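Enquirer: Test case, fold it:
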Amino acid sequence: MTNIPTDLLRTFVTIKDLGGFTSAGELLGRSQPAISLQIKKLEELLDTRIFLRGSSLELTEDGEYLYRAARQILEINDQVIAKVRGESISGKVRLGIPNDFELAFLPRALRNLSRVYPNIVIEVDCEISKVILQRYQKGCYDIALAMERVREDEDRDSRDYRVDKLEWVYKERQLLDPHEGPLPLIAYPQGCIYRAIMEEGLQRQQAPYRFTYTSTSLLGIFSAIEEGLGISAMASSVIPDHLKQARSNCLPDLGQVCIGLYYKEREMSVASRHVLDFLRSGLGNM
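Expert: Numbers count the residues shown, from 1 in each chain. This next block holds a predicted model:
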């Protein structure tokens, strides 16, 4: 009977999750040629192609099936090892996270974490990024996730951040008509990077605008957009499918934003390190 080595499955799943051989190699601590060789071995073992050859990393039909099965196999593998070895890792980890990303990937990341490490307790605090970073500097969190402007000299571990496009979001297109008066904006309070970038872009174009709705709640922002009270801006990876991304010559391009993790390496507990791994995976999967 043929057996599939779990290290080959883990490499395959990591490539798919992170969107590239290089990123997977960095996470797994292997060179790109070594990662490519593992995929070749996996394809030879199964006598099938799992990636479509070309410019993108699209999966074949067999690859899609293998991906779903491999995730289940690896999850069971990790649970068994943690249980049998008696790795009863426990502890409390304080996490600060922007409101947008509370819904984008946190529930899945924490669900996966709880299955493998049920004794790790996560205390989650959601706020705008400016507040999250201020509280992190005061020692309120073990790990913080924050939205910032893109840095030209970014030197962090590539697993600790991702760059995302900032997009205008709306429900009713007539809101974009300049003849209807100042552009109605929906935003988080002062200090939010979304709000600052929207204002800067509209001021550059000398486009009139007014804030019609301000809320600290992501659900409040969504509700206001859905009711047609105005338009807003969000990172593309967190925009719900039922809301529209605006493409209009009267709206300025908003550029990109960076979503990054903050933590003090030397002060991290074992529990915090495991949480960090799952958050890195969550960023990669978005």
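
Enquirer: which one is residue 182 nearest to, not counting chain neighbours?
Expert: Once flanking residues are discounted, residue 182 sits nearest to residue 208: 4.0 Å by C-beta to C-beta, 6 or more residues apart in numbering. All C-beta spots, glycine's among them, are computed from the backbone N, C-alpha and C.

Enquirer: meant to ask about residue 18, not that
Expert: Nearest one to residue 18, counting by C-beta to C-beta, 6+ apart, is residue 284 at 4.4 Å.

Enquirer: count of residues packed around the one you found?
Expert: Residues lying near residue 284 (other C-beta atoms under 10 Å) number 20.

Enquirer: Next up, the contacts around it.
Expert: Taking C-beta atoms under 8 Å, 6 or more residues apart in numbering, we find residue 284 in contact with 17, 18, 19, 23, 27, 159, 162.

Enquirer: Show me what the helix or strand encompassing the fifth one is packed up against.
Expert: Secondary structure assigned from DSSP states H and E places residue 27 in helix 21-28. Counting contacts by 3 or more C-beta pairs under 8 Å, 6 or more residues apart in numbering; DSSP states H and E, the secondary-structure elements packed against helix 21-28 are helix 6-18, helix 32-46, helix 270-285.

Enquirer: Quick one: the helices in the stretch 101-250 of the chain, in order.
Expert: 106-116, 129-137, 193-204, 218-226 (DSSP state H, counting those that start in this stretch).

Enquirer: Now do the residue nearest to residue 18, the pLDDT please.
Expert: Listed pLDDT for residue 284 reads 74.

Enquirer: do the same with residue 246
Expert: pLDDT, residue 246: 63.

Enquirer: same question, residue 197
Expert: For residue 197, the model assigns a pLDDT of 93.

Enquirer: wait, which of the helices and strands packed on helix 21-28 is closest to residue 241?
Expert: helix 270-285 (16.9 Å; C-beta to C-beta).

Enquirer: just the angle between that closest one and helix 106-116, please?
Expert: On the basis of axes from the mean of the first three to the mean of the last three C-alpha atoms, to 10 degrees, helix 270-285 is oriented at 130 degrees to helix 106-116.

Enquirer: thinking again about what came up before, which parts of the helix holding residue 27 are buried?
Expert: The neighbour-count check on helix 21-28 (16 or more other C-beta atoms under 10 Å) flags 21, 23, 24, 25, 26, 27, 28 as buried.

Enquirer: what do you get for stretch 276-286?
Expert: 276, 278, 279, 280, 281, 282, 283, 284, 286.

Enquirer: would you list these in TSV and tack on distance to residue 123?
Expert: As requested, the buried residues of stretch 276-286 are exported to TSV (distance: C-beta to C-beta, whole Å):
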residue	distance to residue 123
276	15
278	15
279	14
280	19
281	20
282	17
283	20
284	24
286	22
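
Enquirer: so where's this protein uncertain?
Expert: For the chain, applying pLDDT under 70 flags the ranges 54-56, 82-83, 85-88, 104-105, 174-179, 244-249, 285-286.

Enquirer: how is it carved up into domains?
Expert: 6-84, 91-161+259-285, 164-256 (automatic domain parsing).

Enquirer: So what's the gap between the second one and the chain middle?
Expert: It refers to domain 91-161+259-285. 10 Å (C-alpha atoms, centre = their mean, to the nearest Å).

Enquirer: which outside residues touch stretch 25-40?
Expert: By C-beta under 8 Å, 6+ apart, the residues outside stretch 25-40 that reach it are 7-8, 10-12, 14-15, 18, 21-22, 24, 50-51, 158-159, 280, 284.

Enquirer: Great, nothing more from me.
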